[in-house]
Structures are given as C-alpha cells and as structure tokens.
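**Student:** Everything below, folded, please.
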Amino acid sequence: MKNKKQYPTKKYIRFLTWLVFAVFTKIFNIKKNMPKEVQELKPPYLVLGNHVGYWDPFIIGHFLPHFTHFVSSDAAFRKPIVRFLLTRLGTIPIKKNVKDTRAIRDIIKVIKQGENVGIFPEGLRNWVGTTFTIDPSIVKLIKLLDIPVVVPVLKGMNLFNPRWSRKLRFTKVQVDYKLLFSKLPARALTDDQVLRTLVEALHHDEVDYQQKMMHKIYSNYRAEHISHALYVCPNCHEIDSFRASKNTFGCAACGYTIYINSYGFFEIQSSDPLFFTNSRDWYNWEEQYMLFFVKTKFDTDDTAFVFKDERLQFYKSTLTGKMKYQGLVDLELFCNRIVVRFLSKEGSLIIDLETLETINPQINDRLELVYNGTDYRFVGERPGVSGLKWEVAVNALWYKRQQLHKLSSYIKQS
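**Tutor:** Below you'll find the model as predicted:
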C-alpha cells in the first residue's frame with residue numbers, strides 16, 4: 001500500500017494561486033533576480049527567506065521553479081477561509097515562541113517526499129524592514145536535512161507591505177535569490193560558520209536600502225496604523241497615544257505630529273524637534289525606552305501598575321480551536337500579572353506572568369496569548385492599538401523574573 005503524502009496539495013488551488021500571483025506581481029511591478037544555479041536546482045531544497053509582509057511566502061514561492069511548502073504560524077489557520085487555502089497549499093503549521101517538535105518532524109517528512117520546504121528563520125514578520133535575530137536552532141535543521149539551501153531576500157517589501165499597514169502601496173520590490181549551500185558544504189562547516197553565513201545572507205536593512213535607491217511610494221495612506229509599531233511619543237513619552245490619518249500621525253497627548261514623505265522618511269511641519277527621520281531608529285529607541293521604563297517599575301515596586309488598554313474585544317479558544325467572543329474588557333498590566341476586567345459582567349480574569357506561556361501581537365490590532373493551555377485574543381477598540389508594547393513590556397518583566405526561556409529573541413534586552 002502506497003504511503004499517504006504529508007501535507008498534500010490541491011492542483012486547482014495551486015494553479016489558481018499561481019495565476020493570481022502572476023497578475024499580482026505584474027500589477028505591483030515585483031521583480032526577481034534569480035541566478036542560473038537556483039533556476040536549475042532540483043528539489044528537494046530548503047528555502048530560508050527574510051520576513052516582512054503578509055504576502056512574502058506567496059511572492060517567494062511564485063518565482064521559484066518548483067512548488068514549496070511554507071511553514072506558517074498556527075494562528076494563521078484560525079480564519080476558516082485562510083485555513084481552507086493554506087491546508088490545500090500544503091502549508092505546515094507551527095506554534096510561535098515554543099519548541100514545536102511536531103512541526104520539525106513534519107518538515108523532515110515533506111523533504112523526504114522530495115518536496116521543498118520554506119521557512120522564515122526570524123520566526124515572525126519584522127516591524128520596520130530590518131532583519132530580526134535568526135534562531136540558531138535552524139542550523140541543526142540545515143545539517144540534519146543535508147539538502148541545498150536557497151535564500152531569497154525581499155527588498156522594498158517594507159515600503160510595499162509593512163507589517164503594521166493594512167494597505168499595499170505601489171513601489172519597487174525585488175526578490176534576490178541565492179544558492180547559499182549546496183548539499184555537501186553545509187555538513188562540512190561548523191555550526192557557527194553556518195549560522196554566520198546565513199545571518200549575513202539574510203540581513204536586509206530597508207532604511208539603508210531606501211536611502212540608496214530612493215524608490216517613490218505611491219500611496220496617500222503612508223502613516224495609517226503605524227502606531228502598531230511606533231507606540232511611544234519621543235516628545236512627551238506617552239504610551240500608545242498616536243492617531244494616524246493618511247500620511248501623518250500625531251500624539252493625542254502633546255500634539256507632536258510627523259509627516260511621512262513619498263519616500264517613507266519622516267518630516268516635521270512645525271518648530272518641534274525631529275527626533276527620528278525613519279521608523280527603524282524610532283523603533284530601536286522606543287524598545288529600549290519601554291524595557292527601561294518597565295524594569296524601573298519592577299525595581300521600584302513589583303506590584304505596580306504599568307499601563308492598560310480599554311474596551312478591547314475579548315475572545316477565548318474553544319475545544320475545537322475556534323475563538324469565541326467573550327465581551328468587552330479592559331486589559332491591565334502589572335509587574336506580576338495581567339488583569340482582564342470584564343465590562344459587561346462582574347468579575348475579572350487574573351493571568352499570572354509566571355504561568356503565562358506566550359504573548360504575541362498579531363495583525364489588525366490583535367494581541368494573542370496562551371495561558372494554562374488556553375488561547376486568548378484581544379482586539380483593539382480602535383485601529384492602530386499596539387499589541388507590540390505588550391510583548392516588549394512582558395519580556396522586560398520575564399527578564400527581571402529570570403524566565404529567560406520565554407523571551408522573544410528579537411527584543412534586545414540590556
């Protein structure tokens with residue numbers, strides 16, 4: 001009896017996806033730069049790309065000469081329509097911020113079937129176009145599989161489809177492909193050599209790139225929802241106070257306002273100081289500011305109130321994995337717990353930070369966490385509510401409590 005394939009695909013879905021992205025890449029002028037050794041490569045091979053936008057796997061996979069099974073967060077499978085498409089495209093689900101051995105076994109099985117697998121070693125989409133820290137465990141997988149490794153680097157993607165935006169922008173995007181390892185050399189290198197080679201090949205800084213290329217962004221919504229990524233005002237240090245409209249965003253507390261020009265750089269149209277000219281530098285500053293702010297709260301009084309979000313939609317996972325609406329809540333962060341206060345009924349849910357398993361900001365104003373094996377979701381009361389500030393703040397508290405195994409690798413603790 002013939003063995004059943006792992007993550008089988010539907011040919012009609014694959015054809016429709018190819019057709020859609022043939023049109024998509026044509027309309028948005030997305031180009032490829034693929035050397036002959038990648039074009040002529042025979043499967044199976046491992047595809048390791050940088051991760052910026054929602055459409056990265058579809059764009060990368062569209063240009064490759066052979067079909068590729070991509071690995072995606074299990075959170076992406078919760079919407080029925082998305083789950084329908086991803087399962088028929090043979091997408092491999094993986095749990096974020098935890099060691100998912102099942103997913104690793106499935107990747108190995110798909111490779112043994114003679115098919116390609118695509119992974120984003122950053123583990124999540126980066127926020128401002130600068131490649132995040134690469135998980136060193138990817139080296140073990142590269143050596144275990146002992147197959148060629150192809151690295152595609154998306155350039156211009158953070159201008160076209162930044163993680164924090166809901167709208168696509170017309171600009172220039174290019175995917176540069178590179179055969180990083182053939183079958184034998186990766187086994188001959190040390191783990192440090194493999195990791196260093198991969199990190200260098202994957203690294204991309206969109207600000208440096210754009211300062212050289214100066215590609216124009218054709219959009220009148222260059223600032224909308226940027227407060228997902230930029231949540232601390234550099235002028236008054238208020239948290240999550242920004243409101244955006246079209247190409248400008250301003251602080252509701254002090255009035256500090258930034259205009260984003262047609263090349264994605266920041267300008268100020270008042271006598272106020274221009275603290276940052278780009279999102280990368282602002283993002284790096286605010287991460288360190290938030291870590292210091294929260295750690296200081298902890299050192300002063302570990303029962304202190306840190307911040308809160310009001311009137312969030314609250315969801316809880318059911319036994320079938322679906323998210324069920326529970327009502328409106330206020331979400332409060334203390335140095336030792338998260339408090340979910342119900343607005344439509346009496347009572348509250350106390351989430352102890354020692355027991356909290358993961359916390360992740362998602363798209364469309366969503367924050368998701370896992371506590372005692374149950375998934376919870378919070379959706380902001382307005383567009384642009386930052387879930388990222390929660391992840392950074394909780395990481396600061398985990399760091400102070402020596403729960404280092406829970407830390408997000410891309411958040412730079414000092």
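
**Student:** contacts, neighbours, all on C-alpha from now
**Tutor:** Fine.

**Student:** got the contact list for the residue nearest to the spatial centre of the chain?
**Tutor:** Closest residue to the average C-alpha location of the chain: Arg125 at 2.4 Å, with Cα atoms, centre = their mean. The contact partners of Arg125, taken as Cα atoms under 8 Å, 6 or more residues apart in numbering, are 51-54, 163.

**Student:** which of the residues in the lengthiest helix in the chain are buried?
**Tutor:** Ranked by residue count under DSSP state H, the longest helix found in the chain is helix 279-300. Neighbour-count burial for helix 279-300, counted by 16 or more other Cα atoms under 10 Å, picks out 279-280, 282-283, 286-288, 290-292, 294-295, 297-298.

**Student:** Also stretch 338-345?
**Tutor:** Under 16+ other Cα under 10 Å, the buried positions of stretch 338-345 are 338-342.

**Student:** hmm, back to that, closest to His203 among the buried residues of helix 279-300?
**Tutor:** Arg280 (14.3 Å; Cα to Cα).

**Student:** before we move on, back to that, the contacts of Arg125, buried ones only, as a ChimeraX selection?
**Tutor:** Filtering these down to the buried ones (16+ other Cα under 10 Å) takes a single ChimeraX command:
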select :51,52,53,163
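
**Student:** Output the contacts of Arg125 as a markdown table; include the columns pLDDT and secondary structure.
**Tutor:** Listed next are the contacts of Arg125 as a markdown table, based on pLDDT from 0 to 100; DSSP: H, G, I helix; E, B strand; the rest coil:
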| residue | pLDDT | secondary structure |
| --- | --- | --- |
| His51 | 92 | coil |
| Val52 | 90 | coil |
| Gly53 | 85 | coil |
| Tyr54 | 86 | coil |
| Arg163 | 91 | coil |
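
**Student:** Report the two of the contacts of Arg125 separated the most.
**Tutor:** Across the contacts of Arg125 (Cα to Cα), the longest gap, 9.5 Å, separates His51 and Arg163.

**Student:** Overlap of the contact sets of the two?
**Tutor:** 125-126.

**Student:** which residue ranges form the strands in the stretch 301-414 of the chain?
**Tutor:** 305-317, 323-334, 337-342, 348-352, 356-362, 366-371, 374-379 (DSSP state E, counting those that start in this stretch).

**Student:** Then the stretch 101-250 of the chain?
**Tutor:** 116-119, 149-155, 173-181, 242-245, 248-251.

**Student:** Pick the most deeply packed of those.
**Tutor:** Comparing these by mean neighbour count (mean count of other Cα atoms under 10 Å), strand 149-155 ranks first with a mean of 24.

**Student:** what's in contact with it?
**Tutor:** 38, 45-52, 56, 60, 142, 173-183, 201-202, 204, 206, 209.

**Student:** what mean pLDDT would you report for it?
**Tutor:** Per-residue pLDDT values over strand 149-155 give a mean of 96.

**Student:** Format the strands of the stretch 101-250 of the chain as TSV; extra columns: distance to Thr9.
**Tutor:** TSV is the format used below for the strands of the stretch 101-250 of the chain (distance: least, Cα to Cα, whole Å):
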stretch	distance to Thr9
strand 116-119	13
strand 149-155	22
strand 173-181	25
strand 242-245	41
strand 248-251	43
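
**Student:** Tell me which of the ones you listed sits nearest to Val329.
**Tutor:** If we rank the strands of the stretch 101-250 of the chain by Cα to Cα, the stretch that ends up nearest is strand 242-245, at 21.2 Å.

**Student:** I'd like the mean pLDDT over that closest one, please.
**Tutor:** pLDDT averaged over strand 242-245 gives 92.

**Student:** so what does that strand touch, helix or strand wise?
**Tutor:** strand 248-251 (3 or more Cα pairs under 8 Å, 6 or more residues apart in numbering; DSSP states H and E).

**Student:** Figure out how far the strand it packs on is from the centre of its chain.
**Tutor:** 24 Å (Cα atoms, centre = their mean, to the nearest Å).

**Student:** Quick check: the spatially closest residue to Phe170 that is not a sequence neighbour vs Glu206, distance?
**Tutor:** Among residues not flanking Phe170 along the chain, Tyr218 sits closest, at 5.0 Å (Cα to Cα, 6 or more residues apart in numbering). Relative to Glu206, Tyr218 is positioned 17 Å away (Cα to Cα, to the nearest Å).

**Student:** So if I had to pick from these two, which one is more boxed in?
**Tutor:** Glu206 (21 against 16; other Cα atoms under 10 Å).

**Student:** per-residue confidence for that one?
**Tutor:** For Glu206, pLDDT reads 96.

**Student:** Likewise for Ser409?
**Tutor:** Among the per-residue scores, Ser409 shows a pLDDT of 86.
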